[in-house]
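> Just a sequence and a predicted model for now, questions to come.
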Amino acid sequence: MSKKNKSVSGIVYSTDPQFLYQFEQEQAHDTLPPAQQSLRVQLDKKQRKGKIVTLITGFVGTVADLEALGKKLKQKCGVGGAAKDSEILIQGDFCDKISAILIDDGYKVKRVR
């Protein structure tokens, strides 16, 4: 995962010696409670060499909370996966099992086909 240190707002070069660059600030998203989260669970095999993964999208929150939820789901299913870019990838077809786990935790789950 690539990280941006600083991003400049469209300015490439300035001849003004008094010019100061204004850097864009990244906004940290607070994690919504599970009752307010609406997650989508679907199977996906695009750009994965035909391998099937369960894809969970729609998570609103911090990266640490996303990784914690991804770790919990991977442990419950007993498989590998990844949590990045506000998506959780679980290796294999575990849509029903993951939906049940998320509903038990209080999330709103929609199964996308």
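Everything's here; your move.
> Look up how far Thr57 lies from the residue most central in space within the chain.
In the chain, the centroid-proximal residue (C-alpha atoms, centre = their mean) is Ser86; its distance is 1.3 Å. According to C-beta to C-beta, to the nearest Å, Ser86 stands 7 Å off from Thr57. Backbone N, C-alpha and C define where each C-beta goes, glycine included.
> Show me the shaky parts of the chain.
For the chain, residues meeting the criterion pLDDT under 70 lie at 1-11, 24-29.
> Spell out, range by range, the strands that occur in the protein.
Under the criterion DSSP state E, the chain contains strands at 38-44, 53-57, 81-84, 87-91, 108-111.
> TSV please, covering the ones you listed and showing distance to Ala100.
Shown next, in TSV, are these (distance: least, C-beta to C-beta, whole Å):
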stretch	distance to Ala100
strand 38-44	10
strand 53-57	12
strand 81-84	17
strand 87-91	13
strand 108-111	9
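> Go through those strands and name the closest to Gln18.
For those, proximity to Gln18 was assessed by C-beta to C-beta; strand 81-84 is nearest, at 40.6 Å.
> Can you list the strands that that closest one pairs with?
strand 87-91 (antiparallel) (DSSP bridges).
> Please state the backbone phi and psi of the residue of the chain most remote from its centre?
Ranked by distance from the centre of the chain (C-alpha atoms, centre = their mean), the top residue is Pro17, with 41.5 Å. Torsion angles at Pro17 (phi, psi; degrees, to the nearest 10) stand at phi -70, psi -20.
> And for the one 3 residues further on?
Taking degrees, to the nearest 10, you get phi -120, psi 130 for the backbone angles of Leu20.
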